[in-house]
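A.B. asks: below are the sequence and a predicted model for it; my questions follow.
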Amino acid sequence: MTASAASIRLVLYVAESAPNSVRAIANLRAHLTRRGQEADLELIDVFQNAERAARDHVIVTPTLVRLWPKPEVRIVGDLRDGDVLRDVLGT
């Protein structure tokens, strides 16, 4: 999905197959699917792309960053709290 077609732009920083990262990916995808929300989601593995994580000031994984709509919002953790996701994603 392109950023122009999506209602929201997200970046999820993960640490390879660490349990919290795997849960964060699954929880976010499930939340978006349940809500029928379209999102432009970029997954960044900090072990594969440490420079990007450093440039974006990500020091803890998993970290979800909502880039659009503004303002930028960050959530750290496995994204299991549906209320927080609803608030941040506007769903």
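C.D. replies: Looks like it came in fine. Numbers count the residues shown, from 1 in each chain.
A.B. asks: quick one, what contacts R74?
C.D. replies: For R74, the contact set (C-beta atoms under 8 Å, 6 or more residues apart in numbering) comprises 63-66. C-beta: built from backbone N, CA, C; applies to glycine.
A.B. asks: and it, bridged to which residues?
C.D. replies: Counting by DSSP bridges, R74 is bridged to V65.
A.B. asks: please save the CA atoms from the lowest-mean-pLDDT helix or strand in the chain in CSV.
C.D. replies: Ranking every helix and strand in the chain by mean pLDDT, DSSP states H and E puts helix 82-89 at the bottom, with a mean of 92. Presented in CSV, the C-alpha positions along helix 82-89 are these (Å, rounded to 0.1, in the frame of the first residue of the first chain):
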residue,chain,number,x,y,z
GLY,A,82,-5.8,-2.3,22.4
ASP,A,83,-7.0,0.9,24.1
VAL,A,84,-3.6,2.5,23.6
LEU,A,85,-3.5,1.4,19.9
ARG,A,86,-7.0,2.8,19.4
ASP,A,87,-6.0,6.1,20.8
VAL,A,88,-2.8,6.3,18.7
LEU,A,89,-4.2,4.9,15.5
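A.B. asks: quick check: nearest residue in space to L89, chain neighbours excluded?
C.D. replies: Excluding the flanking residues, the one nearest L89 by C-beta to C-beta, 6 or more residues apart in numbering is I8, at 6.1 Å.
A.B. asks: thinking that neighbour is in contact with V65, fair?
C.D. replies: No. Counting by C-beta atoms under 8 Å, I8 sits too far from V65 to count as a contact (11.2 Å).
A.B. asks: name the nearest residue to S21, ignoring sequence neighbours.
C.D. replies: V14 (3.6 Å).
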